[in-house]
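Visitor: The following comprises the amino acid sequence and a computationally predicted model.
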Amino acid sequence: MTFSNKNKVIYLIAIPIIMGFIVYANSLNAPFQYDDHDTIMQNKDIRVISDIKSIFTHSLFRPILFFTFALNYHISGINPFSYHLFNIILHLINILLVFLISHTLFKTLSTGEDSHLHAFITSLLFAVHPIGTEAVTYISSRSSVLATFFFLSAFYIYLHTYHTAHKLKRIFLYSTTILLFFLGAGSKEIILTLPIIIIITDIFLLKLNLKETLKRIFTTHISFVIIIIIGIVLRIYFFLSYEKVGGTLPRSIYENLLTQSEVIIKYIRLLILPFGQNLIHNYPTVRSILNLYTILCIFTIFILIRYAVKNIYNKPVISFGILWFFITLLPSSSFIPFQEAMTEKHLYLPMFGFFLVVSYLTQFIIKTERLPKIYSKSIIALIFLVLSSLTIYRNYLWGDSIRLWEDIVKKSPDSWATHYAYADALRKQAENDIINSFKSYQLKDIGISQEYMNRYTRNLIKAIKHYIESALLRPAYTDAILNTGICFGMLFQITKSEKDLLESERFFKIVRELEPNNTKALNNLANLYLLTGKYDAAISLYNDVLKLDEKNVNALSNLAQIYLNITKDFTKAKDVLSKLLDIYKYYREFDKVKEIEETLYKIEHN
């Protein structure tokens, strides 16, 4: 079977793209998760798309990324559908780029035989492998997909410079590569490995020796060299400034190198056998090299890199794939100790190199004479079916916050963060359930109303359990204690049990004792007093909050309601509402601005 026929080539390009959409289609209605709350939902800087200054200064290293979020916000506000659709479209474009680059590489590095078939296999693996779900489905991980788009686009255009004799056209292509590199630099730091990949490609395709390579680096690629040096220096500076917790890094550079050696091997295992995927791997820090498994991991990495370097011209596709994998992993798996030692989104770009190697090796399965072709093709088809099913299942988990965090807690039971996030998901579901219960009751659907109420109670009890577990695992994190009190307060609203009331008050007071100036604890204790009719105590605590934080929205909002509806002190209500109005204008909460303006108008004209 040949692949010279134009229609067959179109099919080979279209199938991975179609499959990519199919396996991610069930993520379109997934809710915002985890960091999406701060990145998007509470991010005032992305709310006005014409305010380029706010968008670009929100994150000095990722202005292009946040511009895409601003674009989504302009289209659909905080409806996650358009955000997911944008991610999927980027993924589909990346699949196309993977096909085109793979075809070019197999054609130039190998014999050129079956280059379309190898490109098909590589791009289909890239399309449906479940390791890509964290980057594609998790909206806050868009940086990986977006930077990969710029990376692959720039690299594909650069590949054309080898086959262009016209000098002006070659300059144009090279300039476009640099432009895409800059755009990628505004998306995520992984783009800094592009020049290294370009230099490696020069060595493969131009067959350069060391002297010729150095000459090309400091002549043709000098602009890349300058940009990389500046980028690395700035990244390390800001990393040391912002990545510290409690004044110390999560791991020393030595410990991080040891830890990453094990993490890289686990990444490879997940690419081969994608079972046990997790949003929070909570990988333990390796403290000493005197560990057999760590030594084996380092040795394995050394052997793979040595094989790649040694076989640049004998096995160029395998060598290039291995080098691509390790080079593009450098920003996340080297000497810089990030808070999370292991995250699957870091594999989105590197996995292309891995799939190049896998695609090259599949020819030995397809062409083997020991198995009938129908069997070998069936095995490959079954592998793709399993991978697709696993991706659909991962997206099913991402489609519900409780479902996702329940899965994460089972896999990372010793992580305080997983218990906390799971409890948060349960509490937020309870908040929705009480609203839906009330709506059903108004519609005279008593049975449905009671079902919502029962789930409300169950979820709050379960949330309390996991908040306490989180607090036990990380006692210094008082938010878990605080939220335990909030859950007991929510239970009290329904049960009217004095026990729940006292427990809620007790947990708030524990936080207050540990952190006397904790405005969240003071606010929630005041809310509890407001709920139980202790208005003077509530007003006193809200004023204490405002002494610590004069722009505290919760305290101002509740004081306004007390002055408006309980004490009928409209002068004080007007003063508080005016402060709230300025705050909501600053945060661009335009619906609330309109509501407060209407309330102020009523006060002044009544």
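Guide: The structure has been received and is ready for your questions.
Visitor: and after the one helix or strand Val233 maps to, which helix or strand comes next?
Guide: Element membership of Val233 [criterion: DSSP states H and E] is helix 222-242. For helix 222-242, the following helix or strand on the C-terminal side (DSSP H and E) is helix 253-272.
Visitor: Now the helix or strand containing Ala480: buried residues?
Guide: Per DSSP H and E, Ala480 falls inside helix 478-495. For helix 478-495, a neighbour-count test (16 or more other Cβ atoms under 10 Å) marks 478-492 as buried. Just so you know, the C-beta spots here come from the backbone N, C-alpha and C atoms, and that holds for glycine as well.
Visitor: so what secondary structure elements neighbour the next helix or strand after that helix?
Guide: For helix 478-495, the succeeding helix or strand toward the C-terminus, using DSSP H and E, is helix 498-514. Helix 498-514 is packed against helix 478-495, helix 519-531, with contacts defined by 3 or more Cβ pairs under 8 Å, 6 or more residues apart in numbering; DSSP states H and E.
Visitor: Mean pLDDT and distance to Glu262 for those - can I get that in JSON lines?
Guide: Shown next, in JSON lines, are the helices and strands packed on helix 498-514 (pLDDT from 0 to 100; distance: least, Cβ to Cβ, whole Å):
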{"stretch": "helix 478-495", "mean pLDDT": "94", "distance to Glu262": "29"}
{"stretch": "helix 519-531", "mean pLDDT": "92", "distance to Glu262": "38"}
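Visitor: Quick one: residues contacting the residue most central in space within the chain.
Guide: Taking Cα atoms, centre = their mean, the centroid of the chain lies closest to Ser141, which sits 2.6 Å from it. With contact set as Cβ atoms under 8 Å, 6 or more residues apart in numbering, Ser141 has these partners: 134-135, 345.
Visitor: where's it relative to Leu347, distance?
Guide: Between Ser141 and Leu347 the distance is 11 Å, computed by Cβ to Cβ, to the nearest Å.
Visitor: Could you pull out the helices in the stretch 301-450 of the chain for me?
Guide: Counting by DSSP state H, counting those that start in this stretch, one finds helices in the stretch 301-450 of the chain at the ranges 316-329, 351-366, 373-398, 401-411, 416-442, 446-473.
Visitor: so of the ones you listed, which one's packed in deepest?
Guide: When you average the neighbours per residue for each of the helices of the stretch 301-450 of the chain (mean count of other Cβ atoms under 10 Å), helix 316-329 leads with a mean of 22.
Visitor: Send me that helix as PDB with only the CA atoms.
Guide: In PDB, the C-alpha atoms belonging to helix 316-329 read as follows (Å, rounded to 0.1, in the frame of the first residue of the first chain):
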ATOM      1  CA  PRO A 316      18.800   9.400  13.600                       C
ATOM      2  CA  VAL A 317      15.100   9.200  14.200                       C
ATOM      3  CA  ILE A 318      15.500   7.400  17.500                       C
ATOM      4  CA  SER A 319      18.400   9.700  18.500                       C
ATOM      5  CA  PHE A 320      16.400  12.900  17.600                       C
ATOM      6  CA  GLY A 321      13.300  11.700  19.500                       C
ATOM      7  CA  ILE A 322      15.300  10.900  22.700                       C
ATOM      8  CA  LEU A 323      17.100  14.200  22.600                       C
ATOM      9  CA  TRP A 324      13.900  16.100  22.000                       C
ATOM     10  CA  PHE A 325      12.300  14.400  25.000                       C
ATOM     11  CA  PHE A 326      15.200  15.200  27.400                       C
ATOM     12  CA  ILE A 327      15.900  18.700  26.100                       C
ATOM     13  CA  THR A 328      12.300  19.900  26.200                       C
ATOM     14  CA  LEU A 329      12.000  18.500  29.800                       C
END
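Visitor: Name the helix or strand of the protein that has the lowest mean pLDDT.
Guide: Lowest on mean pLDDT, DSSP states H and E among the helices and strands of the chain sits helix 222-242, with a mean of 72.
Visitor: Quick check, pLDDT for the closest residue to Val263 other than its chain neighbours.
Guide: Take Val263 and drop its neighbours on the chain: the residue closest to it by Cβ to Cβ, 6 or more residues apart in numbering is Met342, 4.6 Å away. With respect to pLDDT, Met342 has a value of 92.
Visitor: low-confidence ranges in the stretch 301-450 of the chain?
Guide: Within the stretch 301-450 of the chain, the ranges that satisfy pLDDT under 70 run 367-371.
Visitor: Apply 80 and report the result again.
Guide: Applying pLDDT under 80 to the stretch 301-450 of the chain flags the ranges 335, 363-377.
Visitor: What of the stretch 501-606 of the chain?
Guide: Along the stretch 501-606 of the chain, segments meeting pLDDT under 80 span 588, 605-606.
Visitor: can you do 90?
Guide: With pLDDT under 90 as the threshold, the stretch 501-606 of the chain has low-confidence stretches at 531, 564-565, 568-571, 573-574, 583-593, 597-606.
Visitor: where do the helices sit along it?
Guide: 519-531, 535-548, 553-565, 570-586, 590-604.
Visitor: Now do the contacts for Phe384.
Guide: By Cβ under 8 Å, 6+ apart, Phe384 lies in contact with 19, 124-125, 128.
Visitor: Tell me the spacing between it and Ile93.
Guide: 21 Å.
Visitor: Check Lys377 too.
Guide: Distance from Lys377 to Ile93, by Cβ to Cβ: 28 Å.
Visitor: Look up the closest residue to Ile596, ignoring the ones flanking it.
Guide: Nearest residue to Ile596, sequence neighbours excluded (Cβ to Cβ, 6+ apart): Leu581, at 4.8 Å.
Visitor: ok, now Tyr587?
Guide: Lys44 (4.6 Å).
Visitor: Touching, the one you found and Tyr584? I think so.
Guide: No: judged on Cβ atoms under 8 Å, Lys44 makes no contact with Tyr584 at a distance of 10.2 Å.
Visitor: Have a look at these two and say which one is more surrounded.
Guide: Counting neighbours by other Cβ atoms under 10 Å for Lys44 and for Tyr584 shows that Tyr584 has the greater number, 19 against 13.
Visitor: my guess is that one contacts Lys594, does it?
Guide: No: in this structure, Tyr584 is not within contact of Lys594 by Cβ under 8 Å, at 9.3 Å.
Visitor: Mind giving me the packing neighbours of the helix holding Ala480?
Guide: helix 416-442, helix 446-473, helix 498-514, helix 519-531.
Visitor: next one: phi and psi at the residue nearest to Val263?
Guide: phi -140, psi 120 (degrees, to the nearest 10).
Visitor: is it true that it touches His281?
Guide: Yes: in terms of Cβ under 8 Å, Met342 counts as a neighbour of His281; the distance is 4.3 Å.
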